[in-house]
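*Asks:* Any chance you can model this:
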Amino acid sequence: MDEQAREMLVELLETPSPSGYETRGQRVWVDYVSSFADDVRTDAYGNAVAVHEGDPDGPEIVLTGHADEIGFIVKSIDDEGFIKPGRIGGSDPSVARGQHVTIYGEDGPVDGVIGQNAIHLRENGDDDPEISDLWIDIGVEDEDAATERVSIGDPITFASTVSWLSETRLAGRGLDNRVGTWAAAEGLRTAVDAGSEATVYAVSTVQEELGLKGAQMVGFDLEPDAVVVVDVGHAVDYPSAPKDKTSQMALGDGPTLGRGSTNHPVIFEALETTAADLEIDVQIEALGVGTGTDADGFFTAAGGIPSQVVSVPNRYMHTPVEVVDTNDLEEIATLIGTFASRAHEFEPFAVEI
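*Replies:* Residues are numbered from 1 along each chain as shown. Modelled structure (predicted):
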């Protein structure tokens, strides 16, 4: 990975972007793609779209990931100044206790910790908390002192940032799915460098974790010929992984192409062909009942848009220590960017009846 792309990935991952509060992260993404896109725009909710203008008669292809990360929100403040959090997206209370968090208040970030009873004081059953069991300590003595620093509705993330476990193994919170928006941006850059005849859009959507909301907005706005969604998938190459619950995805074994349901067979075959031509190994994920990604939001928009999900293998999803292999990530960017630049070879994107 070249230094510019690596720095951008780290900056994205270290910039807070909870669902509904994506502005900070979107600004980083927009600044980056502006250097090679013909135009960049945002909509009323903060979806960001960068475009390479191709042949007006050529296909229009969207490469996309979602900008938002899971987190928490300040739901209430009690008399003693302790904060009761609510969920943003699929936050997992079982990994929350004992964690450092950051609350993004109007006057700047506020440090806090999610409290945990000491092991000496716990009873059986205490190790599986509900969100209602959590509280955040920001070091104040009462509600008045707390409300001077935070407000109801302020977003919260874990305070963990990026760790390089090895040259290519990256750990951190919210890799789901800033790695996807990075891949969409780098895919656009690949298509631009290839002089793509297709018009290629890189899109960074908002509020995927809340129900694919941004994808539904953008699909109606753009009405492209095809969409490739980059998101994360469950890597199960670690001890105790429930391998019977998902396809056998592993870090470092390459991009994962979804098959079934939302995934369009023509785009699947086009990506498989492109990967073979590039000598990129791919994994296959069976997705018989939807993908759980923005592809499910795009494919029924504007009368039906052929859509395909490409997954980044990811260990420990929705925890503060998600892990990906950047070799997989780079190969995805190359694959989708090359597919976009060759899209005219594969159209029309329609099944034969």
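*Asks:* does the closest residue to Thr205 other than its chain neighbours belong to a helix or a strand, and which?
*Replies:* Excluding its sequence neighbours, the residue lying closest to Thr205 (CB to CB, 6 or more residues apart in numbering) is Gly214, at 3.3 Å. (Each C-beta comes from the backbone N, C-alpha and C, glycine too.) Assigned by DSSP states H and E, Gly214 falls within helix 213-222.
*Asks:* That helix: which residues count as buried?
*Replies:* Buried residues in helix 213-222, counted by 16 or more other CB atoms under 10 Å: 213-219, 222.
*Asks:* Please name the residues that touch Val28.
*Replies:* Val28 sits next to 8, 11-12, 15 when contact means CB atoms under 8 Å, 6 or more residues apart in numbering.
*Asks:* try 7 Å this time
*Replies:* 11-12, 15 (CB atoms under 7 Å, 6 or more residues apart in numbering).
*Asks:* which stretch of helix or strand covers it?
*Replies:* Judged by DSSP H and E, Val28 forms part of helix 23-33.
*Asks:* buried set for that helix?
*Replies:* Neighbour-count burial for helix 23-33, counted by 16+ other CB under 10 Å, picks out 25-26, 28-30, 32-33.
*Asks:* JSON lines for these, including distance to Gly195 and pLDDT?
*Replies:* Converted to JSON lines, the buried residues of helix 23-33 look like this (distance: CB to CB, whole Å; pLDDT from 0 to 100):
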{"residue": "Gly25", "distance to Gly195": "30", "pLDDT": "98"}
{"residue": "Gln26", "distance to Gly195": "28", "pLDDT": "98"}
{"residue": "Val28", "distance to Gly195": "27", "pLDDT": "98"}
{"residue": "Trp29", "distance to Gly195": "23", "pLDDT": "98"}
{"residue": "Val30", "distance to Gly195": "24", "pLDDT": "98"}
{"residue": "Tyr32", "distance to Gly195": "21", "pLDDT": "98"}
{"residue": "Val33", "distance to Gly195": "18", "pLDDT": "98"}
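*Asks:* what number of residues lie near the residue lying closest to Asp231 once chain neighbours are set aside?
*Replies:* The shortest distance from Asp231 to any non-neighbouring residue, by CB to CB, 6+ apart, is to Thr293 (4.2 Å). When neighbours are counted by other CB atoms under 10 Å, Thr293 registers 28.
*Asks:* and if you look at the one 3 residues further on?
*Replies:* For Asp296, the tally of surrounding residues (other CB under 10 Å) stands at 21.
*Asks:* Asp142 too?
*Replies:* Number of residues near Asp142 (other CB under 10 Å) recorded here: 13.
*Asks:* Wait, it touches Glu80, no?
*Replies:* Yes. Under the criterion of CB atoms under 7 Å, Asp142 makes contact with Glu80 at 6.2 Å.
*Asks:* tally of neighbours for His234?
*Replies:* 20.
*Asks:* List the beta-bridge partners for it.
*Replies:* Asn314 (DSSP bridges).
*Asks:* what's near enough to touch it?
*Replies:* 246, 249, 314, 317.
*Asks:* Need the pLDDT of Ser160.
*Replies:* As summarised for this prediction, Ser160 has a pLDDT of 85.
*Asks:* Just give the nearest non-adjacent residue to it, would you?
*Replies:* Spatially, and ignoring its direct neighbours in sequence, Ser160 is nearest to Pro320 (4.4 Å; CB to CB, 6+ apart).
*Asks:* Please apply the same query to His100.
*Replies:* His100 sits nearest to Ala159 (CB to CB, 6+ apart), 3.9 Å away.
*Asks:* No further questions, thank you.
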